[in-house]
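Participant: here is a sequence with its predicted model. Questions after.
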Amino acid sequence: MELKKCPKCKKHYNEYPAISRADDCTPICPICGETEALSQYVNYSVTLRADRLTELEKAIRKKVVKMHLDFSKIRKQQMREQNAERSRMGQKMKKLYESS
């Protein structure tokens, strides 16, 4: 996928875009899409803009980004643990095979 620039947060992304709730046609980055959804959930009367983040959206975006980073760290730790377990199982299987 090609690198795109979000018109709302001005950051580059390469994931599948979200569609802005402000005009139902502007493609935005997935984080801004999630941020718009949460800001509408928190305060339905928020005026959404497809071209910039509001103050409420900036605050929500910080939390969304932190949540994604935390989840990424947890997932990496889980992958390390799974790989270590696979390695241990592989070594056990190798010993069993060599002993027979």
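Facilitator: On my side now, so go ahead. Numbering: from 1, shown residues only.
Participant: so for this structure, the centremost residue is which one?
Facilitator: The centre of the chain sits closest to His68, judged by Cα atoms, centre = their mean, with a distance of 4.9 Å.
Participant: help me confirm that that one is found in a helix?
Facilitator: Yes: looking at His68 with DSSP: H, G, I helix; E, B strand; the rest coil, it is inside a helix.
Participant: quick check: closest non-adjacent residue to it.
Facilitator: Using Cβ to Cβ, 6 or more residues apart in numbering and skipping the chain neighbours, the partner closest in space to His68 is Ile31 (7.2 Å). C-beta coordinates here come from the backbone N, C-alpha and C atoms, glycine included.
Participant: that neighbour sits in which helix or strand?
Facilitator: Element membership of Ile31 [criterion: DSSP states H and E] is helix 30-42.
Participant: elements contacting that helix?
Facilitator: On a contact count with 3 or more Cβ pairs under 8 Å, 6 or more residues apart in numbering; DSSP states H and E, helix 30-42 meets strand 18-19, helix 55-99.
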